[in-house]
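1. With the input below, show me the fold.
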Amino acid sequence: NNQAGDGEEQTSEYTFVRNKSDGGIGGMTAADICNEFGEEEIVRILKIYGDEPRARRIAASIVDARPLSTTDDLRKAVAKVTPEFAKKGRRMGRTATLARVFQALRIVVNEEDVVLRDALEIMAPSLIRKGGRLVVLSYHSMEDRATKRVMRDGTIGGSRRSGGSMQKDMFGNEIVSEDGTARPWKTLGKRAKATEAEIEVNSRARSATLRVAKRL
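-> Next comes the predicted model:
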């Protein structure tokens, strides 16, 4: 059932962090982040990659609990500042909070933000011909924000509509849209979310966001 699926997903997140103690991409591990990064940097990671409302309290608890050597150590550090059940709803409870914390760590360890930037800013405009469609299905807000900015401005970091550097494809050719700007995309319609009927079939669809853009 759906509940079992969600439990399995959460367990895989916890196991992933434990296994990464042997080394992640570039040799960085979740343990490195928890034990060696400054408190403010951990706050930034939890806010940006996890949308964690308790980022500051959790970061302080992680620093206080050092050294953390197991996934259970991290779970206990989070539990110290997070109620098992919250009056404001499931999102503020311990299970949802742990899922966001592990998500944030996974993104940094695997450099998923770098891969996403390369895919959206470099690969997509180079490979999709004029009139083609870029379709992106995001499962958390960091991905969706990046997608929205790229489709609107051509870049994750800021606007290139005026005064920005000219974008080039993989062959070194300048990417110029039909209106003469460096903006390579035109957003088509509004973002789409799963319907209640779709969520009933697959509960994980609740967090998915679909965006579509046309290559200019």
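
2. Can you give me the end-to-end span of stretch 123-138?
-> 17 Å (C-alpha to C-alpha, to the nearest Å).

3. Where does pLDDT dip in this structure?
-> Applying pLDDT under 70 to the chain picks out residues 1-27, 89-90, 158-182.

4. could you pull out the strands for it?
-> Using DSSP state E, the strands found in the chain span residues 133-138, 185-187, 192-193, 209-215.

5. Quick one: closest of these to K80.
-> When the strands of the chain are compared by C-beta to C-beta, strand 133-138 sits nearest K80, at 31.3 Å. For the C-beta atoms, the positions are set from N, CA and C on the backbone; glycine is no exception.

6. T187 and G154 touch, don't they?
-> No: using C-beta atoms under 8 Å, T187 makes no contact with G154, being 11.6 Å away.

7. And the most centrally placed residue in the chain, how far from E112?
-> Geometric centre of the chain, nearest residue: M142, 3.9 Å, by C-alpha atoms, centre = their mean. According to C-beta to C-beta, to the nearest Å, M142 and E112 sit 9 Å apart.

8. Same check on G93?
-> Distance of G93 to E112, computed by C-beta to C-beta: 25 Å.

9. got the strands of the chain as CSV, with mean neighbour count and distance to I107 columns?
-> Converted to CSV, these look like this (neighbours: other C-beta atoms under 10 Å; distance: least, C-beta to C-beta, whole Å):
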stretch, mean neighbour count, distance to I107
strand 133-138, 16, 13
strand 185-187, 17, 24
strand 192-193, 12, 22
strand 209-215, 18, 17
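
10. With distance to L120 as added columns, please give those in CSV.
-> What follows is the strands of the chain, written out as CSV (distance: least, C-beta to C-beta, whole Å):
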stretch, distance to L120
strand 133-138, 8
strand 185-187, 10
strand 192-193, 18
strand 209-215, 10
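
11. out of the ones you listed, nearest to A146?
-> Distance to A146, taken as C-beta to C-beta, is lowest for strand 133-138 among those, at 8.2 Å.

12. List the strands paired with that closest one, with their directions.
-> strand 209-215 (antiparallel) (DSSP bridges).

13. Please save the CA atoms from the strand it pairs with in CSV.
-> Provided in CSV are the C-alpha atoms of strand 209-215 (Å, rounded to 0.1, in the frame of the first residue of the first chain):
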residue,chain,number,x,y,z
THR,A,209,5.4,19.9,-10.2
LEU,A,210,5.4,19.9,-14.0
ARG,A,211,6.6,22.9,-16.1
VAL,A,212,6.9,23.2,-19.9
ALA,A,213,8.8,25.7,-22.0
LYS,A,214,9.3,26.3,-25.8
ARG,A,215,12.8,26.7,-27.3
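
14. where's it relative to the chain centroid, distance-wise?
-> 17 Å (C-alpha atoms, centre = their mean, to the nearest Å).

15. So what touches it?
-> With C-beta atoms under 8 Å, 6 or more residues apart in numbering as the test, strand 209-215 has contacts from 125, 128-139, 144, 147-148, 151, 184-189, 191-193.

16. list the contacts for M142?
-> Taking C-beta under 8 Å, 6+ apart, we find M142 in contact with 48-49, 51, 107, 113.

17. make it 10 Å
-> 47-51, 103-104, 107, 112-113, 116 (C-beta atoms under 10 Å, 6 or more residues apart in numbering).

18. Would you mind measuring from it to R133?
-> 23 Å.
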